[in-house]
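Colleague: take a look and give me a structure for this.
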Amino acid sequence: MGKAKHLIVALLGLAVLLGCKTAERRDAATQTKASAAGGSGGAPSGSDGPTSVAAPVPSVPPKDGQPLPQLKPIAKGQFPDAATEEQVCEAISDADEKDLWVRFGHLIPAYVHGVVFVLQAGPERVQEIYDYVLKKYNGGATWGPRVKGCSSAGKTLLYIYSFGPDGVLSDGRTTGPKHLVAALQRDLGMGTEAWFQFLGQSEVRDAGGADRLDLYCRTDPYLCESLVTLQSGPSSKGLCPWAVSRTGVADDSPESAALLERCRRRQGPPFSCVFFRKTAAEEEQCRQEIKRELTKP
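Modeller: Predicted structure coming up:
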């Protein structure tokens, strides 16, 4: 009887332990999914600085019949040059907006990996911030900062593409949002109101979140092209370079240049299918549609 009693107690203890572990995994997964559409961190000045906390941002597609959140007018190019100070001030002041696509997605490519910081410094320090991140932080020449200030708020938006999370680089240097926040405070005496981590499309999907770019591109081809042009590189020229790449023509060839020109002159909606999260059948359908449209007499 004594041995049986001890066995029952042991089994009960194991069940409790497994229940706790399951709850921990479920909580971790929930936080990962919530932050997949854009995790955020925030803390008052003088504390240890912003910390990575999952933001209450939608991470699943809208239910049938529910429209995607309407975005603000998309900037006509890359941040900061294409963003107006009015847009920057609005984004800074709109702290109650929990959907980071609605708050920042019209200024920066919210579908690629990067971090937005709201710094407690006005436009007069924009060049100082730029020079520090580009030339001094972590020895310089690692990150390309994009900076624009708001005079009325006395604050500044700093966007760094392909930045975060906190960790150690291959050369042994520590880096990341919390590390940069501490460095700005230490070296420039500059506080950070909040920072927001954005994840790339594949990262969002892997975490079980909704690929917002896919959803917006399926909904509105013209909006899709506007969102894509927020990136630098080939994407800054819109959807046509991506469409021509689907034709199989060699890059930088005369034929490729001719197709690109035909694509730009073409009447009708842009080829937004190039940014769909596609099945193999959809990929082939997109490819055939592009070839048909760009090669017809």
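Colleague: how far away is Phe79 from Pro254?
Modeller: Look at Phe79 and Pro254: by CB to CB, to the nearest Å, they are 34 Å apart. Just so you know, the C-beta spots here come from the backbone N, C-alpha and C atoms, and that holds for glycine as well.
Colleague: so who does Val244 touch?
Modeller: Residues near Val244 by CB atoms under 8 Å, 6 or more residues apart in numbering: Ser256, Leu259, Leu260, Cys263, Ile290, Leu294.
Colleague: do the same with Tyr132
Modeller: Per CB under 8 Å, 6+ apart, neighbours of Tyr132: Leu184, Asp187, Leu188.
Colleague: buried subset of those residues?
Modeller: Buried by 16 or more other CB atoms under 10 Å: Leu184, out of the contacts of Tyr132.
Colleague: counting neighbours, go ahead and name the busier of Phe79 and Pro254.
Modeller: Comparing Phe79 with Pro254 by other CB atoms under 10 Å, the one with more neighbours is Phe79, at 23 against 9.
Colleague: now that one: how far from Ala91?
Modeller: 10 Å.
Colleague: return every residue with contacts to both of those two.
Modeller: In contact with both Phe79 and Ala91: Leu107, Leu157, using CB under 8 Å, 6+ apart.
Colleague: show me where the chain has its strands.
Modeller: In the chain, the strands defined using DSSP state E lie at 39-42, 52-53, 114-119, 145-150, 155-161, 167-168, 174-175, 192-198.
Colleague: mind giving me the packing neighbours of the fourth one?
Modeller: Counting contacts by 3 or more CB pairs under 8 Å, 6 or more residues apart in numbering; DSSP states H and E, strand 145-150 packs against helix 85-93, helix 126-131, strand 155-161.
Colleague: coming back round to it: now tabulate the strands of the chain in JSON lines and tack on mean neighbour count, mean pLDDT and distance to Pro73.
Modeller: JSON lines is the format used below for the strands of the chain (neighbours: other CB atoms under 10 Å; pLDDT from 0 to 100; distance: least, CB to CB, whole Å):
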{"stretch": "strand 39-42", "mean neighbour count": "22", "mean pLDDT": "44", "distance to Pro73": "23"}
{"stretch": "strand 52-53", "mean neighbour count": "16", "mean pLDDT": "36", "distance to Pro73": "29"}
{"stretch": "strand 114-119", "mean neighbour count": "24", "mean pLDDT": "96", "distance to Pro73": "18"}
{"stretch": "strand 145-150", "mean neighbour count": "22", "mean pLDDT": "98", "distance to Pro73": "16"}
{"stretch": "strand 155-161", "mean neighbour count": "23", "mean pLDDT": "97", "distance to Pro73": "17"}
{"stretch": "strand 167-168", "mean neighbour count": "10", "mean pLDDT": "89", "distance to Pro73": "36"}
{"stretch": "strand 174-175", "mean neighbour count": "16", "mean pLDDT": "90", "distance to Pro73": "34"}
{"stretch": "strand 192-198", "mean neighbour count": "24", "mean pLDDT": "95", "distance to Pro73": "20"}
